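Engineer: Okay, predicted coordinates and the sequence, questions at the end:
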Amino acid sequence: MSPSEERVRAALRFETPDRVPRYDSFWPEFVDAWRRAKDLDREADPADWYGTDLTVAAADETPWPSSAETRSGNGSGAIKQDGWGRTVHDRPGAQLSETLSVALPEGSGDLPEFESPLLPGRYAGFEAQVRREHSHRAVFAKTGGPFLRTANLRGEVQWLMDLAGDESRARDLAARVTEHLTAVGVESLRRGGSRLCGIWIYDDIGANAGPMVSPRTFERVFQALLAGMVAAYKAAGARFVVFHSDGNILPLLDMIVEAGVDAIQPVEPKAGMDILSLRERYGERLALIGGLDNAYILPSGDRERIAADLRRVLAAGREGGLIVGSHSIGPDVPVAAYDYLHQLEEEWGAYSL
């Protein structure tokens with residue numbers, strides 16, 4: 001077992017590791033700026049440079065992977081059909097695709113059967129990443145969750161209207177999607193075996209001001225589906241299940257914890273997710289991954305603010321239960337600012353404050 005995996009496992013067990021584990025993801029624009037600043041070649045990886053302790057590997061969980069294709073392309077981008085049955089416009093340099101149509105628009109008939117979750121082609125990239133990474137990082141599998149992935153079939157606006165206007169139909173559709181996602185997750189865990197620490201469920205259900213759905217809707221539509229996923233993943237050998245959602249999920253968090261989740265990520269301060277308040281509220285019931293401010297403090301480059309922010313986050317993990325990081329590192333974060341954060345993490349990470 002690598003030192004990174006040992007410290008990640010220790011932290012998630014609420015033991016004090018040799019140093020606090022670190023996890024960040026890096027936007028391509030930041031990576032390009034970082035390589036230029038360091039005069040490094042295109043193969044250089046900031047995750048290696050900065051000692052990132054974990055990685056997340058995903059199989060192809062889409063319902064119809066065989067239907068994915070590029071239909072046309074030119075200087076303004078490409079028109080593609082993805083494995084969710086959507087037609088999307090990918091623009092050069094854009095982080096997100098523009099959705100032009102979805103698989104289940106309003107007034108359409110039944111969905112076609114999903115392709116088997118056991119198709120070997122779903123796991124080729126996943127297995128390669130697990131083999132490549134597990135010797136020097138903690139590796140987790142990944143699937144989507146019932147809220148966000150069901151929206152892929154309906155479109156975000158229509159999906160929210162479904163939840164408000166036809167809850168029974170929405171629940172049935174989310175259950176079908178969740179059954180498929182769970183099967184992909186269980187197979188990922190089987191294929192990854194002992195090389196995996198667990199699995200992450202990505203289900204962005206929060207905005208800055210609060211959840212995308214009410215607590216009542218979450219309880220009636222999603223909590224049991226999430227609990228079923230967690231139970232299936234733990235029965236398949238996942239030691240830790242992590243729930244990822246951007247934004248403020250505080251009104252839903254008791255239910256997420258009750259569903260059996262072991263940790264949450266990214267704990268965004270800009271959305272009111274205060275890491276010290278969460279530690280006080282949940283104690284050893286919930287590990288925390290993230291907590292640093294990548295919206296205002298890191299982009300500012302202000303060393304005093306960066307140091308104070310890191311001190312505050314580290315205070316939430318003196319007894320374990322913390323992996324420090326942010327939501328992601330984008331092009332608005334100066335390389336020098338991230339270098340300084342890394343320097344402090346090296347100095348203070350063993351809780352020598």
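Structural biologist: On my side now, so go ahead. Numbering: from 1, shown residues only.

Engineer: In contact with the closest residue to residue 154 other than its chain neighbours, which residues?
Structural biologist: Excluding the flanking residues, the one nearest residue 154 by Cβ to Cβ, 6 or more residues apart in numbering is residue 104, at 5.5 Å. (Each C-beta comes from the backbone N, C-alpha and C, glycine too.) Residue 104 sits next to 85, 111, 153, 154, 173 when contact means Cβ atoms under 8 Å, 6 or more residues apart in numbering.

Engineer: ok, 6 Å please
Structural biologist: Counting by Cβ atoms under 6 Å, 6 or more residues apart in numbering, residue 104 touches 111, 153, 154.

Engineer: how much space between the last one and residue 316?
Structural biologist: With the distance defined as Cβ to Cβ, to the nearest Å, residue 154 ends up 37 Å from residue 316.

Engineer: could the contacts of residue 104 be laid out in CSV, adding distance to residue 64 and pLDDT?
Structural biologist: Below are the contacts of residue 104 laid out as CSV (distance: Cβ to Cβ, whole Å; pLDDT from 0 to 100):
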residue, distance to residue 64, pLDDT
111, 10, 82
153, 11, 94
154, 15, 93
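
Engineer: Using PyMOL, make a named selection holding only the buried ones among those residues.
Structural biologist: The buried residues among the contacts of residue 104 can be selected in PyMOL (16 or more other Cβ atoms under 10 Å) with this line:
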select buried, resi 153+154
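
Engineer: which one of the contacts of residue 104 sits closest to residue 185?
Structural biologist: Of all the contacts of residue 104, residue 185 sits closest to residue 153, with 18.3 Å by Cβ to Cβ.

Engineer: quick revisit: between the contacts of residue 104, which is closest to residue 5?
Structural biologist: Looking across the contacts of residue 104 and measuring by Cβ to Cβ, the closest to residue 5 is residue 153, at 35.9 Å.

Engineer: so the spatially closest residue to the closest one that is not a sequence neighbour is in which element?
Structural biologist: Nearest non-adjacent residue to residue 153, counting by Cβ to Cβ, 6+ apart: residue 104, 4.6 Å away. Remark: residue 104 resides in no helix or strand, with elements defined by DSSP states H and E.

Engineer: and residue 104, how far is that from residue 305?
Structural biologist: 46 Å.

Engineer: and what of residue 219?
Structural biologist: 38 Å.

Engineer: what's the answer for residue 188, then?
Structural biologist: Per Cβ to Cβ, residue 188 is found 39 Å from residue 305.

Engineer: Repeat that for residue 233.
Structural biologist: Residue 233 sits 38 Å away from residue 305, going by Cβ to Cβ.

Engineer: Looking at these two, which is more packed in?
Structural biologist: residue 233 (25 against 15; other Cβ atoms under 10 Å).

Engineer: Make sure that one is indeed in a helix.
Structural biologist: Yes. Counting by DSSP: H, G, I helix; E, B strand; the rest coil, residue 233 is part of a helix.

Engineer: Hmm, it is touching residue 241, no?
Structural biologist: Yes. Assessed by Cβ atoms under 6 Å, residue 233 is found in contact with residue 241 at 5.5 Å.

Engineer: any shared contact partners between these two?
Structural biologist: residue 199.

Engineer: Quick one: residues in contact with stretch 52-62.
Structural biologist: With Cβ under 6 Å, 6+ apart as the test, stretch 52-62 has contacts from 4, 8, 21-23, 83-84, 122-123, 126, 129-130, 133, 137-140, 142-143, 181, 184, 188, 200.

Engineer: first to last residue in that stretch, what's the distance?
Structural biologist: 28 Å (Cα to Cα, to the nearest Å).

Engineer: what is the rounded mean pLDDT of it?
Structural biologist: The pLDDT scores in stretch 52-62 average 98.

Engineer: gap between it and the chain center?
Structural biologist: 9 Å (Cα atoms, centre = their mean, to the nearest Å).

Engineer: Residue 136 - nearest residue in space that isn't next to it in sequence?
Structural biologist: Spatial nearest neighbour of residue 136, excluding adjacent residues (Cβ to Cβ, 6+ apart): residue 2 at 5.1 Å.

Engineer: Return the per-residue confidence for the one you found.
Structural biologist: Looking at residue 2, its pLDDT is 95.

Engineer: Number of residues surrounding it?
Structural biologist: Residue 2 has 15 neighbours, counted by other Cβ under 10 Å.

Engineer: Distance-wise, check it relative to residue 51.
Structural biologist: Counting by Cβ to Cβ, the separation of residue 2 from residue 51 is 12 Å.

Engineer: How about residue 246?
Structural biologist: From residue 246 over to residue 51 (counting by Cβ to Cβ), the distance is 25 Å.
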